[in-house]
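> This is a predicted model, with the sequence first.
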Amino acid sequence: MSEILNGYWNELKGEAQKTWGKLTHNELDQIAGDAKKLEGLLQQRYGHSIEEARKEVAKLQARYDNMASAGEWNQLKGKMQKYWGIITENDADKINGSKTRLVGLLQERLGKSRAQALEEVDHFLKEIS
């Protein structure tokens, strides 16, 4: 979880601000993607238990990471395989709708940085929507 937040914190920060309006921009900058720090701040500001804070952080991550609902995934999978041409059926099954897993696969197969792979995935998602 923490790794996902760190890798995509700039993208998630705006969503976190909308979700938890009591958190300031400075606090979100200081968190810098550290899930434990975010959980601690949610405990302080909102009186959440550690379990509640973890669930809230997991929901934020899931909203960002999920590219498609279960019903849409088969359509998206086919478009994704056609678009890149390097993604096998087995790869698609492992990705299973996760933006994070797709970015990781593109990094590995195409030798791209995380930022480059993320930009490519975002471009793909805009193009097909």
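Looks like it arrived, so ask away.

> Tell me who's in contact with Arg63.
Applying CB atoms under 8 Å, 6 or more residues apart in numbering to Arg63 gives the contacts Glu15. For every residue, glycine as well, the C-beta is placed using N, CA and C.

> I should have written Trp73 there, sorry.
By CB under 8 Å, 6+ apart, the neighbours of Trp73 are 67, 96-97.

> can you pick the most crowded of those residues?
In terms of neighbour count, Met67 stands highest of these at 21 neighbours, by other CB atoms under 10 Å.

> any idea how far Tyr8 is from that residue?
13 Å (CB to CB, to the nearest Å).

> most centrally placed residue in this protein?
Asp65 (3.4 Å; CA atoms, centre = their mean).

> so that residue touches Lys99, yeah?
Yes. Assessed by CB atoms under 8 Å, Asp65 is found in contact with Lys99 at 5.1 Å.

> list residues touching both of the two?
Common neighbours of Asp65 and Lys99 are not found (criterion: CB under 8 Å, 6+ apart).

> got a list of what Gly40 touches?
Taking CB under 8 Å, 6+ apart as the test, what Gly40 contacts is Ala53.

> how near is it to Leu118?
27 Å.

> cool, Glu52 as well?
Glu52 is 29 Å from Leu118, by CB to CB.
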